[in-house]
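Peer 1: Below: sequence and its predicted model.
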Amino acid sequence: MRYGLLFLGVLAGALSAQAPAARPVDLNAARALWRNIKNQLTAANGEEYFRLNLENADVPDLIGTLVSATPANQPAQLILNLSGGSTPEVTLIFKDERRQDSHLNGPLAPGSQVQFRGIPVAFTREPFMLTFEVGTAPAKAVQR
């Protein structure tokens, strides 16, 4: 299986990291995609939907609001809300081009809008959380 495109862009907020500039994305399309994904995951067969349709798939660009970053100075993990509130919904875990743990080189301010593209790797229904692997290096396909 090929590892899909990884991308992180910050649309607003301070970032002194290696992230590339955000590509233009249709905000309405990204929101509609997220609503569809979340509706499928919260349905009765959500775990099956994740396993059959999302796990290890290359999901198109999504946009969320930063709830928290860990550790604060050089985040290796971001927690986002994509539905317009402050409830955590998505975890982004940074990986380098060899799929080794990675991090940003600087902090992000809570409330920053983050555009990302990544690979869903885990899901829990209660509490709801969809986890993606993402990277900040230029996109390349690598073997899994």
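Peer 2: Received the coordinates, thanks.

Peer 1: Give me the helices and strands touching whichever strand or helix holds Gln115, please.
Peer 2: Assigning secondary structure by DSSP states H and E places Gln115 in strand 113-124. If you count contacts as 3 or more Cβ pairs under 8 Å, 6 or more residues apart in numbering; DSSP states H and E, strand 113-124 packs onto strand 7-10, strand 59-70, strand 90-94, strand 129-134. Where you see a C-beta, it was placed from the backbone N, CA and C, and this is true even at glycine.

Peer 1: quick check: mean pLDDT across it?
Peer 2: Averaged across strand 113-124, the pLDDT comes to 93.

Peer 1: that older thread, what's the most buried one of the helices and strands packed on strand 113-124?
Peer 2: Among those, strand 90-94 has the highest mean neighbour count (mean count of other Cβ atoms under 10 Å), at a mean of 22.

Peer 1: And the helices and strands packed on strand 113-124: which comes nearest Leu41?
Peer 2: Distance to Leu41, taken as Cβ to Cβ, is lowest for strand 129-134 among those, at 6.7 Å.

Peer 1: Relative to the whole chain's centre, how far out is stretch 29-41?
Peer 2: Once both centres are worked out by Cα atoms, centre = their mean, to the nearest Å, stretch 29-41 turns out to sit 13 Å from its chain's centre.

Peer 1: circling back to that earlier point, JSON lines for the helices and strands packed on strand 113-124, including mean pLDDT?
Peer 2: Converted to JSON lines, those look like this (pLDDT from 0 to 100):
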{"stretch": "strand 7-10", "mean pLDDT": "52"}
{"stretch": "strand 59-70", "mean pLDDT": "94"}
{"stretch": "strand 90-94", "mean pLDDT": "96"}
{"stretch": "strand 129-134", "mean pLDDT": "96"}
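
Peer 1: Need these in TSV (columns: distance to Asn39).
Peer 2: Putting the helices and strands packed on strand 113-124 into TSV (distance: least, Cβ to Cβ, whole Å) gives the following:
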stretch	distance to Asn39
strand 7-10	24
strand 59-70	14
strand 90-94	15
strand 129-134	13
